[in-house]
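**Q** Build me a model:
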Amino acid sequence: MRREKSQDRRDRRESRAGNQGPERGVPRAGDKGAERPSAAAQAQEARAHREPPVLPPGERPEQALPVILNVEPNEDYALLDSGDGEKLERYGPLVIRRPENQAIWPRRRPAREWDGADAIFTGDTDEEGVGRWRFPKAALGETWPMRQDGLSYHGRFTSFRHVGVFPEQAAHWRFVEALTRAGAGKGRPVRVLNLFGYTGLASLLAARAGAEVTHVDASKKAIGWARENADLAGLAEAPIRWVCEDAVRYVEREVKRGNSYEIILLDPPKFGRGPKGEIWQVFEDLPYLLSLTRRLLSDRPLALVLTAYSIRSSFYSLSALMAEHCRGLGGRIESGELVIREEGAQARMLSTSLFSRWIAQGADT
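**A** Okay, the predicted model is just below:
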């Protein structure tokens, strides 16, 4: 369904697998004009050195689908209206207007409300398109104060139309918080691995609930934003390890080190590049990454959560993939869509992404 970028947009994709790049790079100094291998060739070479994924033994968990996880309007965020390829949102004190390819229906609110937004994104309306922000009422800075369930962080205007947070993820954040609090309340450690972590809200909310968190992101800029958010949230000293590295490489090393986690979050892009030129392609690399994360689950795991944007697939496919890699774990797998409900009467539901998550037996009761 979505989510990628260019220069600033790159930092979103780096945060999930690395810098976006063209299929062929420019020659480097000293290469005498030689072209680098194509992205496909680089990826194929890297995959040739991997061990083939081995499915664990046992029965597949029970699968529940479709499950629709809905985010309702509240004082922190509201989807005010959507339609005609755009959406009108309230982020804290600001009303923001930006493109939305899923909104193929007509708008409900009058044009004056849309035109009166505090910030309007103009430019390429494609998901990967670059543009700029226009501020009709007053000039605004790059960031503004925001809150998520009482946790302070910065919203951020970027040239790729995103704002530093994906509000539909609140359904997963609250789920992880609840699991963490329940585990901590029973005196058991809860270690969370957040892969492709971006600006860190999932990591911060889990840490606030009592988890020990490892936040992995290939973008130095996104790591900086996440640490800035940790300061704003009063969590600078929380047990969060910030790791700027390619997600697959990091997980490969964690498997060799014998480390484990109770909760693992994955929010990968469709395509990306790591800090050392690593190539990520979701259909080719996700099965391998899932096989590794399965091996990182502890002896008393709680959940494995996968979100997918911008892919031509279905939650049925994600559920089947998750079920194969969660053989022998028991519990259940929920798969479906993350959606946002509009504010007001006769509200519509805006679909944002696909998800699949494994939940241990009794973990959420």
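**Q** switch to C-alpha atoms for all contacts and neighbour counts from now on
**A** Noted.
**Q** got the contact list for Leu151?
**A** For Leu151, the residues meeting the contact criterion (CA atoms under 8 Å, 6 or more residues apart in numbering) are 205, 233.
**Q** quick one: buried residues of stretch 69-86?
**A** Neighbour-count burial for stretch 69-86, counted by 16 or more other CA atoms under 10 Å, picks out 69-73, 77-83, 85-86.
**Q** avg pLDDT for it?
**A** Averaging the model's pLDDT scores along stretch 69-86 yields 97.
**Q** And stretch 346-365, by the same measure?
**A** Rounded to a whole number, the mean pLDDT of stretch 346-365 is 93.
**Q** Restricting the selection to alpha carbons, write that stretch to PDB.
**A** Once side chains and other backbone atoms are set aside, the C-alpha atoms of stretch 346-365 remain, and they are given as PDB (Å, rounded to 0.1, in the frame of the first residue of the first chain):
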ATOM      1  CA  GLN A 346     -21.100   8.900   8.600                       C
ATOM      2  CA  ALA A 347     -17.300   8.400   9.000                       C
ATOM      3  CA  ARG A 348     -15.400   6.400   6.500                       C
ATOM      4  CA  MET A 349     -12.400   4.100   7.100                       C
ATOM      5  CA  LEU A 350      -9.100   5.000   5.400                       C
ATOM      6  CA  SER A 351      -7.000   1.900   4.800                       C
ATOM      7  CA  THR A 352      -3.300   2.500   5.300                       C
ATOM      8  CA  SER A 353      -1.400  -0.800   5.500                       C
ATOM      9  CA  LEU A 354      -1.400  -4.600   5.800                       C
ATOM     10  CA  PHE A 355      -0.300  -6.400   9.000                       C
ATOM     11  CA  SER A 356       0.200  -9.900  10.400                       C
ATOM     12  CA  ARG A 357       1.100 -10.600  14.000                       C
ATOM     13  CA  TRP A 358       1.700 -13.700  16.000                       C
ATOM     14  CA  ILE A 359       0.500 -13.600  19.600                       C
ATOM     15  CA  ALA A 360       1.400 -16.200  22.300                       C
ATOM     16  CA  GLN A 361      -1.300 -18.200  24.000                       C
ATOM     17  CA  GLY A 362      -2.800 -16.100  26.800                       C
ATOM     18  CA  ALA A 363      -0.400 -13.200  26.200                       C
ATOM     19  CA  ASP A 364      -3.100 -10.600  25.700                       C
ATOM     20  CA  THR A 365      -5.700 -11.900  28.200                       C
END
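**Q** Perfect, that will be all.
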